[in-house]
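Student: pasting the sequence and the predicted model now:
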Amino acid sequence: MPELPEVETVRRGLDKLVLGCTIADVAFDWPKGFPNSQADVDRFMLGATITSVRRRAKVLIIELDTDYSLVIHLKMTGQLVFIGSKSNGSRFGAGHPSDSLINSLPDKSTRVTITFSNESKLFFNDQRKFGWMKLLPTVAVADLSFFQKVGPEPLDDSLTADMFAKRFQRRQKTSIKAALLDQTVIAGIGNIYADESLWAARIHPNTRVADVTSDQLNTLFDELRLVLNTAINKGGSTNKNYVNAEGKKGSYMNFAKVFRREGQPCTRCQNSIDKIRVAGRGTHICSNCQALPT
DNA sequence: CACTTGACCTGTCCGC
DNA sequence: TGCGGACAGGTCAAGT
């Protein structure tokens, strides 16, 4: 699922819904995705209060007042869905009481259920089981190998176009799309926003990084940030499974220019959008707007 | 090191 | 309808 805009949307939802909540119970049976022992959970989660919800790249960090944190990666199909509970026992969704998720969770994809002292619940669902959640000492979170290697946040105010361009210097021989998807170059970009930003910057995804001009990299920097900010404003993209912390879908797919629009006209030139394969991933382009250098 | 490919899972869709 | 294969928002480990 989730790329930076989706994870950020979930983070904002959790920040609103579970900050200050106290954990009363944790139900889990998923050693591969949640490897902590019952003893760890008893000692560092039960009775703990959530003090902050942060995001780095596509990873969520839920900090507890026990100096432990839950570190969560949703990978392709992970969801974190909050469902409240009224004092009379009836359930309500955070924003949309009619949402079908309210009465269907937990379901067969539910891997972890956290119950808070006010009886509301947070479900970690993951159909494909690629996602994970780890309970770690907060001071150890930064030592995770992923955080040691991950590149800068594309929306960080301090990131300049020059700094952005420099990140690509050690990936000269690969395609620009493979480099964009490489989390050690820039954090948070996945298949949807790689395709969308390359279309906006009129760069063919198969262009070798060495053949991307500095003007094109400058344009890509601007367009990438525009695409990501727009996607956050639309609540992210729901291609299939993604929902936010309230169980709601994102609407960015209605505004996408190429992603999953194969066969439809390019909004700039009316040429039919193509789907090709680049860096082992399905890739959407306008072959008229996005020419390969000759 | 840089680069590519397959593996990890479950579900769905498409062609025969 | 059934069945096999390809494919799906992301990382990793292993190979060259």
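Tutor: Looks like it came in fine.
Student: correct me, but A:Val227 touches A:Ile192?
Tutor: No. Contact criterion C-beta atoms under 8 Å: A:Val227 and A:Ile192 do not qualify, at 9.1 Å. From N, CA and C alone the C-beta is placed, and that goes for glycine too.
Student: specify the local secondary structure of A:Thr184.
Tutor: coil (DSSP: H, G, I helix; E, B strand; the rest coil).
Student: same check on the one 10 residues further on?
Tutor: A:Ala194 falls in the helix class when you classify it by three-state DSSP.
Student: again, but for A:Val10
Tutor: helix.
Student: what about whatever residue of the stretch 1-150 of chain A ends up closest to DNA strand B, which SS state?
Tutor: Among the residues of the stretch 1-150 of chain A, A:Arg128 lies closest to DNA strand B, at 3.3 Å counting by C-beta to the nearest atom of the strand. Three-state call for A:Arg128 (three-state DSSP): coil.
Student: and the residue lying closest to it once chain neighbours are set aside, how far from A:Arg56?
Tutor: Spatially, and ignoring its direct neighbours in sequence, A:Arg128 is nearest to A:Thr77 (4.6 Å; C-beta to C-beta, 6 or more residues apart in numbering). The gap separating A:Thr77 from A:Arg56 is 21 Å, by C-beta to C-beta, to the nearest Å.
Student: now A:Pro205
Tutor: 26 Å.
Student: mind checking the longest helix of chain A?
Tutor: The longest helix of chain A (DSSP state H) is helix A:214-233.
Student: does DNA strand C have contacts with that helix?
Tutor: No. Shown here: helix A:214-233 not in contact with DNA strand C (C-beta under 7 Å from any atom of the strand), separated by at least 10.9 Å.
Student: by contact count, what packs against that helix?
Tutor: helix A:4-17, helix A:161-166, helix A:191-200 (3 or more C-beta pairs under 8 Å, 6 or more residues apart in numbering; DSSP states H and E).
Student: so what does the longest one touch, helix or strand wise?
Tutor: Packing partners of helix A:4-17 (3+ C-beta pairs under 8 Å, 6+ apart): strand A:50-56, strand A:59-64, strand A:78-85, helix A:214-233.
Student: thinking again about what came up before, state the distance from the residue of the stretch 1-150 of chain A closest to DNA strand B to DNA strand C.
Tutor: Counting by C-beta to the nearest atom of the strand, to the nearest Å, the gap between A:Arg128 and DNA strand C amounts to 6 Å.
Student: how many neighbours does that residue have?
Tutor: Other residues near A:Arg128 come to 12 when the count uses other C-beta atoms under 10 Å.
Student: phi, psi of A:Gln148?
Tutor: phi -70, psi -30 (degrees, to the nearest 10).
Student: report pLDDT for the nearest residue in space to it that is not next to it in sequence.
Tutor: Leaving aside its chain neighbours, A:Gln148 sits nearest to A:Ala142 (7.9 Å; criterion: C-beta to C-beta, 6+ apart). A:Ala142 carries a pLDDT score of 96 in this model.
Student: how about the secondary structure of A:Ala142?
Tutor: Under three-state DSSP, A:Ala142 comes out as helix.
Student: does A:Phe116 touch A:Val26 like I think?
Tutor: No. If you go by C-beta under 8 Å, A:Phe116 and A:Val26 don't touch, sitting 10.5 Å apart.
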